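Chemist: Quick one, structure for this:
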Amino acid sequence: MSSSRLNAVAAVTNYKPIEKALNFSETPSKDLFGINVFSDSVMRERLPKAVYKALRRTIDNGEKLDMSVADAVAVAMRDWAIENGATHYAHVFYPLTGQTAEKHDSFLEPNGNGGVLAEFSARQLIQGEPDASSFPSGGLRATFEARGYTAWDVTSPAFILENPNGTTLCIPTAFCSWTGEALDKKVPLLRSMQALNTTARRVLKLFGHTNPGLVFSTAGCEQEYFLIDRNFFFARPDLINASRTLFGAKPPKGQELEDQYFGAIPERVLACMLETERELYKLGVPVKTRHNEVAPGQYEMAPVFENANLATDHQYLTMTVLQRVAQKYGMACLLHEKPFAGINGSGKHLNWSIGTREMNLLEPGSTPHSNMQFLVFCAAAIRAVHLHGDLLRATVAHAGNDHRLGANEAPPAIISVYLGEQLTEIFEQLANGGARSSRAPGFLNVGVDTLPPLPKDAGDRNRTSPFAFTGNKFEFRAVGASQSVAGPLVVLNTIMADSLNYIATQLEKRIDGDPGKLNSAVQDVLRELVREHKSVIFNGDNYSEAWHAEAVKRDLPNLRNAVDALPVLLSEKNVTLMSRYSVLSPREMESRYEIYMERYIKDVTVEARLTLEIARTTIFPATVKYQHQLASAALALKQLGKDPCLTVLDEVTGLARNLQDAIVVLEKTLETRSDGSTLDHATHVRDHLIPAMGRVREVADRLECVVSDEFWPLPTYQEMLFIK
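Modeler: Have a look, this model is predicted:
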């Protein structure tokens, strides 16, 4: 091997833990949960009773926050943080970069007598003023307009983030411009949840719930990721700068043996997982499961359900903690959707439901055919996805996800709904007159006397569906591993609010003030909904060519890549929808389109520059060295009167020439830029730059299989994925 690869492999195989192992028996995990969170129990203990009750009304019922309450909270929060070692506080927010952002301020202020005081007022808690000039705005403000505001989100608790040298009080906030327009992911999410609450309560009122409380969406976000040794990571410029490998031949063994999935977790990886969970427990993140995923080196963790806003904040924390803890164990956590070609990519399955503190509105119960309330909310989701599947598809559109959607257990770009056999039968009955029965779950007997009968679900699961009903929730499986779940949640909440608004209007017309007409009104509305929107329901193989052909007949859009999908953000239908429910104004919708399309262009352009640089300065020189060795050996044999075998030399020479040609084409393509709109530029990138990169990679990957290990400079897939 080349010296850099040998050194990396040696460092991996001789790895020793960086720090002393944690003593897990000393402090049980359950005792750690939420210790770094300004939680309900902390507030109850530290706040005056009247202040605590007022704050709970704001959190639980959406009531306006009184400034006197904020004053008391600020003092209690400051004292609690300082007692836990905090010297600074930070308003944490979520700009349209898709990452977190934070500005740290010290609690300490001069007292005028040569000393300092720890100060933290309601004004400092409620509002911050970070510079907004360098965050993407998509035209919402001019470059010279730098002012932006962060606003305390009272519904997401503050927390303390630990560092070896101290702690920081982190306050989740919303981020907006000087004009009040949303510059972040949180503001539209909170707006969408407000819209959902309004329309859902309108429907629940018809079902006799006079005071159901706040209706909110819930989310449980599964997170897939790869772990590789940091020595390999730093030997790959493409991983450092693009988060994915731009070169890499298929290894002799990939995932075809299916021996990774749910296999025994390697000791080093498990140690990293355990500490990650421990840190997340401290922050109140309810992580529940961990396991090996399908691809070698791939893993998954998942939490239990939470309020969607809190779940989104916790998802950001999960990604941050995963990457930080991995470093302690000498590993790099890769969150890109497709860090390695030819094996499974990583997603972030978004399990979504709606309910109140007392009930899940998507819980079918034991007799779903007679559960009219459930059927109404389920039908609303079907209508929402049918009418706005294009918008839902746009929320997961970016360069990384283009590599993943459509294969290897990732759903295709056609957005359809999977209901399962039981619910499908019920909705078919509704379309034909009325639901009379539902398939019973039953028990499964596996034929071994020592094994108990197993409760059997009423239907199987479909792992190829992008939007599948999975018991008491829908699972949106198209979200990319590196993405914020805020965007998909914003759209799911809003399109559901729209459908519930429509259903409430239809029911109110039919009932006309007479509650006795509710049952027949529901039956009529459900029958119409199923007949009009059943074309979005599909329970079969979403990968099959037959389904793709059938989807065309059903007029379901197939937006294959980000450049096809993102323009739907500007369609009149979608702009009107988001504006109607005050979730995103037309200007805010246009800004998202510009930001996401420009991000696509920038991501691919960075990858193209890296491809050019690595091919020219790393792979080609290695090829020439090997070519020289082969040529020297052939010349020596000829001088000895022997007939040299030139097969490999001819192959390497031909590939070297092809690599040079492909490099020239890529360089020229990079220099060419469309003079038209952002869409024209993105189309050029998709149609010309990506294929040019692909041709360079194709030749380079063939060279990797020919050039001697002595000269090949980059860690291979075989090394990165299988040497732990």
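
Chemist: Nearest the geometric middle of the protein, what residue?
Modeler: For the chain, the residue nearest the mean C-alpha position is residue 483 (3.5 Å; CA atoms, centre = their mean).

Chemist: Next, that one: secondary structure please.
Modeler: For residue 483, the secondary-structure state derived from DSSP: H, G, I helix; E, B strand; the rest coil is coil.

Chemist: Do I have it right that it meets residue 399?
Modeler: No: under the criterion of CB atoms under 8 Å, residue 483 makes no contact with residue 399, lying 11.5 Å away. C-beta here means a position set from N, CA and C on the backbone, and glycine is covered the same way.

Chemist: Residue 22 versus the residue nearest to the centre of the chain, what's the distance?
Modeler: Applying CB to CB, to the nearest Å, the value for residue 483 to residue 22 is 31 Å.

Chemist: what sits up against stretch 596-607?
Modeler: In this structure, residues lying in contact with stretch 596-607 by CB atoms under 8 Å, 6 or more residues apart in numbering are 136, 138, 238, 241-242, 244, 246, 397-400, 562-563, 566, 569, 670, 678-679, 681-682, 685-686, 689-690, 693.

Chemist: do that again at 7 Å, thanks
Modeler: Under the contact criterion CB atoms under 7 Å, 6 or more residues apart in numbering, stretch 596-607 has outside partners 241-242, 246, 397-399, 562-563, 566, 678-679, 681-682, 685, 689-690, 693.

Chemist: Just give me the neighbour total for residue 462.
Modeler: The number of residues packed near residue 462 is 22, by other CB atoms under 10 Å.

Chemist: my guess is it is in a helix, correct?
Modeler: No: checked against three-state DSSP, residue 462 lies outside a helix; its state is coil.

Chemist: so who does the residue nearest to it when sequence neighbours are not counted touch?
Modeler: When the adjacent residues along the chain are set aside, residue 462 lies closest to residue 418, with 4.4 Å between them (CB to CB, 6 or more residues apart in numbering). Contacts here follow CB under 7 Å, 6+ apart; on that basis residue 418 touches 462, 465, 467, 468, 469, 538, 539.

Chemist: between the residues you listed, which is nearest residue 698?
Modeler: Here the nearest of these to residue 698, counting by CB to CB, is residue 465; it sits at 32.6 Å.

Chemist: Against residue 539, how distant is that closest one?
Modeler: Residue 465 is 8 Å from residue 539, where distance means CB to CB.

Chemist: Neighbour count for those two, which is higher?
Modeler: Neighbours per residue, other CB under 10 Å: of residue 465 and residue 539, the larger number sits with residue 465, 27 against 18.

Chemist: State the pLDDT value of the more buried one.
Modeler: Each residue has a pLDDT score; the one for residue 465 is 91.

Chemist: what's the distance between the closest residue to residue 93 other than its chain neighbours and residue 124?
Modeler: Spatial nearest neighbour of residue 93, excluding adjacent residues (CB to CB, 6+ apart): residue 175 at 4.0 Å. Between residue 175 and residue 124 the computed distance is 16 Å (CB to CB).

Chemist: How about residue 138?
Modeler: Residue 138 is 29 Å from residue 124, by CB to CB.

Chemist: Residue 576 now?
Modeler: Distance, residue 576 to residue 124, using CB to CB: 39 Å.

Chemist: neighbour-wise, which of these two wins?
Modeler: Set side by side, residue 576 and residue 124 show unequal neighbour counts under other CB under 10 Å, the larger going to residue 124 at 17 against 11.

Chemist: Where does that one fall, secondary structure wise?
Modeler: helix 122-126 (DSSP states H and E).

Chemist: how distant is that helix from the center of its chain?
Modeler: The gap between where helix 122-126 is centred and where its chain is centred comes out at 31 Å by CA atoms, centre = their mean, to the nearest Å.

Chemist: after that helix comes which helix or strand?
Modeler: Read in the C-terminal direction, the helix or strand following helix 122-126 is strand 127-128, with elements assigned using DSSP H and E.

Chemist: Low-confidence ranges, the chain, go.
Modeler: Low-confidence regions of the chain, defined by pLDDT under 70, span residues 1, 18-19, 116, 131-132, 141-146, 407-409, 435, 437-446, 449-451, 453-461.

Chemist: Check the secondary structure at the residue nearest to residue 93 for me.
Modeler: Secondary structure of residue 175, reduced to three states by three-state DSSP: strand.

Chemist: how much space between the closest residue to residue 718 other than its chain neighbours and residue 618?
Modeler: In space, and not counting its chain neighbours, residue 718 is closest to residue 251: 4.0 Å by CB to CB, 6+ apart. Per CB to CB, residue 251 is found 20 Å from residue 618.

Chemist: What segments of the stretch 451-600 of the chain are strands?
Modeler: Defined through DSSP state E, counting those that start in this stretch, the strands belonging to the stretch 451-600 of the chain, from first to last, are 454-455, 467-469, 474-476.

Chemist: Residue 434 is in contact with residue 520, isn't it?
Modeler: No: using CB atoms under 7 Å, residue 434 is not in contact with residue 520; the gap is 9.7 Å.

Chemist: nearest spatial neighbour of residue 21, skipping sequence neighbours?
Modeler: Here the nearest residue to residue 21 in space, its sequence neighbours aside, is residue 271; by CB to CB, 6+ apart that works out to 7.4 Å.

Chemist: before we move on, what about residue 496?
Modeler: Spatial nearest neighbour of residue 496, excluding adjacent residues (CB to CB, 6+ apart): residue 384 at 5.1 Å.

Chemist: Buried residues, stretch 625-644. List them.
Modeler: Residues 625, 626, 627, 629, 630, 634, 644 are the ones in stretch 625-644 that count as buried (16 or more other CB atoms under 10 Å).

Chemist: How far off centre is that stretch?
Modeler: Averaging C-alpha positions (CA atoms, centre = their mean) puts stretch 625-644 54 Å from its chain's average.

Chemist: Next: stretch 403-422.
Modeler: When distances are taken as CA atoms, centre = their mean, stretch 403-422 is centred 16 Å away from the chain's centroid.

Chemist: And that stretch, what's buried?
Modeler: Neighbour-count burial for stretch 403-422, with 16+ other CB under 10 Å as criterion, is recorded at 403-406, 408-420, 422.

Chemist: swap in stretch 190-205?
Modeler: Buried residues in stretch 190-205 (16+ other CB under 10 Å): 190-197, 199-204.

Chemist: and the residue lying farthest from the centre of the chain, which of the three is it?
Modeler: Ranked by distance from the centre of the chain (CA atoms, centre = their mean), the top residue is residue 641, with 64.4 Å. Put simply, residue 641 is coil when judged by three-state DSSP.

Chemist: quick one: contacts for it?
Modeler: The contact partners of residue 641, by CB under 7 Å, 6+ apart, come to none.

Chemist: Next: residue 265.
Modeler: Applying CB under 7 Å, 6+ apart, the residues contacting residue 265 are 273, 292.

Chemist: Okay, helices next: where are they in the stretch 351-500 of the chain?
Modeler: Secondary structure of the stretch 351-500 of the chain by DSSP state H, counting those that start in this stretch: the helices cover 372-394, 399-402, 420-431, 486-511.

Chemist: Oops, could you answer that again for the stretch 601-724 of the chain instead?
Modeler: According to DSSP H, counting those that start in this stretch, the helices that the stretch 601-724 of the chain contains are 620-639, 647-671, 678-684, 690-704, 717-722.

Chemist: Out of the ones you listed, which is closest to residue 162?
Modeler: Distances from residue 162 to each of the helices of the stretch 601-724 of the chain were compared by CB to CB, and the smallest falls on helix 717-722, at 30.5 Å.

Chemist: Reformat the helices of the stretch 601-724 of the chain as TSV; add distance to residue 58.
Modeler: What follows is the helices of the stretch 601-724 of the chain, written out as TSV (distance: least, CB to CB, whole Å):
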stretch	distance to residue 58
helix 620-639	62
helix 647-671	53
helix 678-684	41
helix 690-704	49
helix 717-722	49
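
Chemist: Deepest in the core, which of those helices is it.
Modeler: Comparing these by mean neighbour count (mean count of other CB atoms under 10 Å), helix 717-722 comes out on top with a mean of 21.

Chemist: List of residues touching that helix?
Modeler: Applying CB under 7 Å, 6+ apart, the set of residues contacting helix 717-722 is 5, 9, 228, 232, 248, 249, 251, 252, 296, 297, 340.
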